[in-house]
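In: dropping a prediction and its sequence here:
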Amino acid sequence: MPGQVIAMIMAISAVGGCAGAEPERAAPLVADGGAPVIIPGGPGEAGRTAAPGENLGESEARVTAADVRFAEDMIPHHRQALEMAGLVPSRSSSPVLRGLAERITAAQRPEIAAMTSWLRAAGRSPDGHAGQEGHEDVVTLEQMNRLRTARGAAFDTLFLTLMIAHHEAAVTMAGRQLREGADRAMLATAKDVVSGQGIEIARMRRLLTSPA
């Protein structure tokens with residue numbers, strides 16, 4: 001996804017305090033050692049790969065508290081989706097549901113890595129907001145325990161029901177980021193979430209009415 005690549009390349013090295021909602025100062029862009037950053041050469045010259053930690057100039061974007069909140073909230077949210085998807089192979093016999101779980105994992109694991117890299121480059125702990133007041137898992141512990149013990153058709157129905165709600169919450173979070181955020185990498189990630197998870201919500205709703 002474009003947002004995954006942008007988020008890895010455009011790691012911001014300083015955010016400032018996240019208490020205020022107004023845009024902070026422009027921050028330098030730094031190569032983070034994740035996805036390679038190619039720096040073009042002059043006319044007739046070959047490009048080169050930026051070294052990890054190399055300053056790439058100044059970002060035109062302004063980082064806000066909304067950008068930090070989005071990354072800090074979305075990481076544990078994605079992790080819960082990965083936990084749910086990881087239950088599918090041993091509990092469902094539906095190849096369609098297994099394929100869905102694989103796509104969720106393939107999409108969200110790189111996004112977690114990209115947002116984690118972004119927060120670390122910003123001087124924030126990727127786990128700094130998890131469990132704090134104002135952040136709650138969409139799927140409760142009791143619901144997760146029910147999902148862990150379900151099997152077969154009962155599991156499929158419960159998984160789809162819970163994952164639809166989980167995706168809808170992610171789309172809401174991403175929509176808030178698109179309205180309030182400023183950092184280009186986090187805005188690109190939010191667009192990916194709205195687009196990708198919106199498509200998956202429609203697929204899961206169809207599966208609920210016509211199980212495969």
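Out: Here it is on my side, so go on.
In: drop to CA atoms for contacts and neighbour counts, all remaining ones
Out: Will do.
In: helices along this structure, start to end?
Out: 2-9, 65-91, 95-121, 141-149, 152-180, 184-209 (DSSP state H).
In: in TSV: those, plus mean neighbour count.
Out: Listed next are these as TSV, based on neighbours: other CA atoms under 10 Å:
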stretch	mean neighbour count
helix 2-9	21
helix 65-91	20
helix 95-121	19
helix 141-149	13
helix 152-180	19
helix 184-209	18
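In: would you list these in TSV and tack on mean pLDDT?
Out: Putting the helices of the chain into TSV (pLDDT from 0 to 100) gives the following:
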stretch	mean pLDDT
helix 2-9	37
helix 65-91	96
helix 95-121	93
helix 141-149	97
helix 152-180	97
helix 184-209	94
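In: dump stretch 195-212 to CSV, restricted to CA.
Out: Provided in CSV are the C-alpha atoms of stretch 195-212 (Å, rounded to 0.1, in the frame of the first residue of the first chain):
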residue,chain,number,x,y,z
SER,A,195,-10.2,2.4,1.5
GLY,A,196,-9.0,-1.1,2.3
GLN,A,197,-11.1,-1.8,5.4
GLY,A,198,-14.2,-0.3,3.8
ILE,A,199,-13.9,-2.9,1.0
GLU,A,200,-13.4,-5.7,3.6
ILE,A,201,-16.4,-4.5,5.6
ALA,A,202,-18.6,-5.0,2.5
ARG,A,203,-17.1,-8.4,1.9
MET,A,204,-17.7,-9.5,5.5
ARG,A,205,-21.3,-8.4,5.4
ARG,A,206,-21.9,-10.5,2.3
LEU,A,207,-20.3,-13.5,4.0
LEU,A,208,-22.6,-13.1,7.0
THR,A,209,-25.7,-13.4,4.8
SER,A,210,-24.2,-16.0,2.4
PRO,A,211,-21.6,-18.1,4.3
ALA,A,212,-19.0,-19.9,2.1
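In: now do that stretch: everything it contacts.
Out: The contact list for stretch 195-212, computed with CA atoms under 8 Å, 6 or more residues apart in numbering, reads Ser94, Pro95, Val96, Thr157, Leu160, Thr161, Ile164, His167, Glu168, Ala170, Val171.
In: which phi and psi does Gly181 have?
Out: Main-chain dihedrals, Gly181, degrees, to the nearest 10: phi -80, psi 170.
In: now Arg151
Out: Main-chain torsions, Arg151, degrees, to the nearest 10: phi -140, psi 160.
In: contacts only, for it.
Out: Arg91, Ser92.
In: just the pLDDT for it.
Out: Here, the pLDDT recorded for Arg151 equals 97.
In: ok, now Ala182?
Out: With respect to pLDDT, Ala182 scores 93.
In: that one is in contact with Val68, isn't it?
Out: No. The criterion here is CA atoms under 8 Å, and Ala182 misses it with Val68 at 10.2 Å.
In: picking up where we left off before, got the contacts of stretch 195-212 as TSV, with distance to Ala107 columns?
Out: Formatted as TSV, those follow (distance: CA to CA, whole Å):
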residue	distance to Ala107
Ser94	20
Pro95	18
Val96	17
Thr157	22
Leu160	17
Thr161	20
Ile164	16
His167	13
Glu168	16
Ala170	13
Val171	14
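In: tell me the one of those nearest Asp137?
Out: Taking CA to CA as the measure, Asp137 sits nearest to Ala170 out of those, at 11.0 Å.
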